[in-house]
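Asker: pasting the structure only:
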Ligand code: NAD
Ligand code: UDP
Ligand code: UDP
């Protein structure tokens with residue numbers, strides 16, 4: 001029996017970097033949040049400040065196993081996102097994307113919940129089309145060290161669209177480009193957290209390759225706004241839809257920007273480039289602008305300041 005008009009929202013991977021910001025946002029909007037996470041790359045600390053709220057519930061759960069709950073909306077974020085984490089147990093990474101998608105889609109089918117999938121720019125692989133529109137099918141190595149993540153996410157997209165066509169599940173698929181901000185894991189190996197932590201500790205800043213490869217960095221608050229708008233979009237808007245900040249930087253430019261802000265005595269040093277590392281990446285966000293009225297508001301300078309502040313406090317605590 002339903003005794004409240006609040007929306008019941010399941011967030012898988014809710015104790016991770018993006019998930020914890022999404023829990024916060026949706027809780028503040030007056031919803032009941034069920035956060036399901038197996039703490040593979042996320043931590044209870046990320047949601048500790050929400051634990052006293054009676055409308056927030058945290059459960060330890062691995063999405064590769066079935067989950068029977070009653071919900072109105074599902075945000076499926078469970079999956080390690082940084083190469084260091086997803087390559088640590090690649091078989092589990094593929095299982096998380098594929099079995100996780102099947103279970104969450106089965107749950108959405110039974111409960112008639114709307115379901116959002118956190119897909120990724122990695123479905124475009126090392127792209128030959130630049131910037132990447134949603135219509136580009138990508139260039140992905142199926143057997144490389146990144147494939148567990150890239151192909152797992154591609155297969156999850158396939159499952160989402162087949163559940164939509166075959167079972168009329170209401171799907172919302174976002175392709176997320178590199179996002180940064182407070183609560184990134186300090187040791188997860190992603191470039192923004194690595195460079196900031198290295199600069200704050202006065203250690204060498206590790207540029208992989210010659211630093212000419214590019215990425216486009218989106219601040220977390222902008223991204224979460226995009227998630228919420230996509231979930232609220234009219235019936236029939238399924239995506240996939242790119243969410244990211246189109247301002248593109250070389251990795252060397254990022255290192256120089258972080259160093260200029262933090263100061264200190266760190267030097268830029270070059271390390272080998274990991275295999276299959278994409279050379280360039282920039283979202284085409286025309287669809288997000290047209291369909292969701294969304295575009296990022298926070299540019300790199302401001303976002304870096306907020307993220308540096310967070311890591312400075314984190315490292316002192
Ligand atoms: P994260 O690693 O901080 O969060 C992922 C969360 O999922 C963690 O809390 C982890 O413990 C949990 N998890 C992993 N496997 C699980 C499983 N089998 N069952 C239950 N929980 C599991 O990463 P993030 O940056 O917050 O990414 C969240 C989602 O967004 C991921 O699906 C990721 O692929 C996607 N994404 C992120 C980015 C980015 O730049 N941050 C870019 C593209 C896509
Ligand atoms: N599932 C789940 N929760 C539900 C309903 C289904 O976890 O509330 C899982 C279930 O374990 C199943 C998967 O989702 O394996 C796919 O469900 P679907 O109904 O599509 O397939 P079927 O049960 O027919 O295999
Ligand atoms: N990178 C780097 N130094 C680091 C960590 C990453 O030069 O300490 C590079 C990495 O090789 C890639 C880019 O920064 O070219 C972005 O890496 P990240 O792991 O953050 O994201 P992804 O490769 O998944 O886009």
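Answerer: Received, thanks. Predicted model, so just to flag it, every value in this text is computed and none were measured. Numbering: from 1, shown residues only. Ligands and ions are numbered 1, 2, ... in the order given.
Asker: Ramachandran angles for the residue of the chain found nearest ligand 2?
Answerer: For the chain, the residue closest to ligand 2 is residue 106, as judged by CB to the nearest ligand atom, at 2.0 Å. Bear in mind the C-beta positions are built from the backbone N, C-alpha and C, glycine included. When read as degrees, to the nearest 10, the backbone of residue 106 gives phi -60, psi -40.
Asker: Which phi and psi values does the nearest residue to it once chain neighbours are set aside adopt?
Answerer: Closest residue to residue 106 apart from its sequence neighbours, by CB to CB, 6 or more residues apart in numbering: residue 66 at 7.2 Å. Note on residue 66: backbone dihedrals following degrees, to the nearest 10 are phi -60, psi 160.
Asker: which residues sit in contact with residue 66?
Answerer: Applying CB atoms under 8 Å, 6 or more residues apart in numbering, one finds that residue 66 lies in contact with 103, 106, 107.
Asker: and the last one, that one's in a helix?
Answerer: Yes: when DSSP: H, G, I helix; E, B strand; the rest coil is applied, residue 107 is found to be in a helix.
Asker: list the contacts for it?
Answerer: Applying CB under 8 Å, 6+ apart, the residues contacting residue 107 are 10, 66, 67, 68, 69, 71, 74, 113.
Asker: Make a ChimeraX selection of the buried ones in these.
Answerer: With 16 or more other CB atoms under 10 Å as the criterion, this ChimeraX line picks the buried residues out of the contacts of residue 107:
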select :10,67,71,74,113
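Asker: Now pLDDT too, for the contacts of residue 107, in TSV please.
Answerer: Compiled in TSV, the contacts of residue 107 are given as follows (pLDDT from 0 to 100):
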residue	pLDDT
10	99
66	98
67	98
68	98
69	98
71	98
74	99
113	98
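Asker: Pick out the most distant pair among the contacts of residue 107.
Answerer: 66 and 113 (14.9 Å; CB to CB).
Asker: Name the nearest residue to the residue of the stretch 1-150 of the chain at minimum distance from ligand 3, ignoring sequence neighbours.
Answerer: The minimum distance from the stretch 1-150 of the chain to ligand 3, using CB to the nearest ligand atom, falls at residue 83 (4.9 Å). Counting by CB to CB, 6+ apart, residue 189 is the residue found nearest to residue 83 once chain neighbours are left out, at 6.3 Å.
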